[in-house]
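> just coords:
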């Protein structure tokens with residue numbers, strides 16, 4: 001059976017680190033944590049689980065993930081973010097897959113996201129695939145984009161059935177603080193791509209984002225957390241375009 005490296009990237013996420021690392025402790029053949037000079041106890045907690053804790057400068061998520069993968073030593077890698085949790089059923093599915101021989105070079109993993117104490121089943125938050133989380137090194141590489149990085153895979157890509165869990169925001173204050181950072185990165189990425197700002201983007205895009213999450217993707221079925229989440233995503237969208245204007249104004 002091919003050996004598996006697990007890697008986690010983290011930054012100032014002390015509240016999540018222990019639960020994240022406990023979910024993969026004793027699983028896989030190697031555990032690596034890549035920290036970007038956190039000022040809280042992220043690194044100290046990580047060292048309780050592995051001696052392979054590395055400090056790397058942050059130059060965007062795509063580059064950071066490639067640097068983390070380069071530090072792993074086995075043929076297959078599994079990516080778990082600090083706000084995610086491995087589940088027993090996902091662990092078992094991956095184990096069985098590696099034992100019988102993978103039929104693809106990368107696999108998407110469905111994620112169950114929780115917000116304000118509730119599993120968000122709608123709003124486009126389930127199955128909420130991000131980049132493939134299980135992949136064969138040498139066949140897979142992230143594109144070095146600042147945020148929401150895409151990927152290239154030189155081979156077939158499959159889907160796993162068992163979910164990971166994600167707790168992306170601890171509350172509304174944390175949502176606003178985290179999306180402030182992401183909107184900075186997205187505005188910079190759009191400016192680097194030569195995207196042009198138009199005034200209507202401050203109105204139509206946030207409204208469109210809200211309607212898409214709350215109505216088209218049935219966020220109304222997620223109760224008050226669904227309404228708040230949809231509204232906050234509209235706010236994030238407004239911030240993103242306002243910062244694009246700030247970066248590109250004459």
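The structure has been received and is ready for your questions. From a predicted model like this one, the values you see are computed outputs, not experimental measurements.
> Specify the local secondary structure of residue 152.
strand (DSSP: H, G, I helix; E, B strand; the rest coil).
> For it, list each beta-bridge partner.
residue 141 (DSSP bridges).
> what's around it, how many residues?
10 (other C-beta atoms under 10 Å). For every residue, glycine as well, the C-beta is placed using N, CA and C.
> Hmm, residue 140 and it touching each other?
Yes: at 7.4 Å, residue 152 counts as touching residue 140 under the criterion of C-beta atoms under 8 Å.
> Tell me which other helices or strands the longest helix seen in the chain touches.
In the chain, taking DSSP state H as the definition, the longest helix is helix 223-248. Contact here means 3 or more C-beta pairs under 8 Å, 6 or more residues apart in numbering; DSSP states H and E; on that basis helix 223-248 packs against helix 172-192, helix 204-211.
> which other helices and strands contact the shortest one?
To tie it back to what came earlier, the one meant is helix 204-211. Going by 3+ C-beta pairs under 8 Å, 6+ apart, helix 204-211 lies up against helix 223-248.
> Could you check the helix it packs on and say which residues are buried?
Residues of helix 223-248 classed as buried by neighbour count (16 or more other C-beta atoms under 10 Å): 225-244.
> so that helix versus helix 172-192, what angle?
With axes from the mean of the first three to the mean of the last three C-alpha atoms, to 10 degrees defining the directions, helix 223-248 sits at 40 degrees from helix 172-192.
> Run the chain-centre distance for helix 223-248.
Centroid separation between helix 223-248 and its chain, computed with C-alpha atoms, centre = their mean, to the nearest Å, is 18 Å.
> quick one, which of the helices and strands packed on helix 223-248 is nearest to residue 198?
helix 204-211 (9.1 Å; C-beta to C-beta).
> Would you map the strands across the chain?
For the chain, the strands defined by DSSP state E cover 4-10, 30-35, 53-55, 76-79, 84-85, 106-108, 111-115, 118-119, 134-136, 140-142, 151-153, 157-159, 164-166.
> got the ones you listed as a markdown table, with distance to residue 46 and mean pLDDT columns?
A markdown table is the format used below for those (distance: least, C-beta to C-beta, whole Å; pLDDT from 0 to 100):
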| stretch | distance to residue 46 | mean pLDDT |
| --- | --- | --- |
| strand 4-10 | 7 | 98 |
| strand 30-35 | 4 | 98 |
| strand 53-55 | 5 | 98 |
| strand 76-79 | 16 | 98 |
| strand 84-85 | 15 | 98 |
| strand 106-108 | 25 | 98 |
| strand 111-115 | 22 | 98 |
| strand 118-119 | 27 | 98 |
| strand 134-136 | 21 | 98 |
| strand 140-142 | 21 | 97 |
| strand 151-153 | 25 | 97 |
| strand 157-159 | 30 | 98 |
| strand 164-166 | 19 | 98 |
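> For residue 148, give me the pLDDT.
pLDDT recorded at residue 148 is 89.
> now do residue 87
98.
> For it, list the residues it contacts.
23, 162, 163, 164, 165 (C-beta atoms under 8 Å, 6 or more residues apart in numbering).
> possible to save the residues you listed as CSV with neighbour count?
Output for the contacts of residue 87, formatted as CSV (neighbours: other C-beta atoms under 10 Å):
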residue, neighbour count
23, 18
162, 15
163, 18
164, 25
165, 18
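> Where does pLDDT dip in the chain?
Scanning the chain for pLDDT under 70 picks out nothing.
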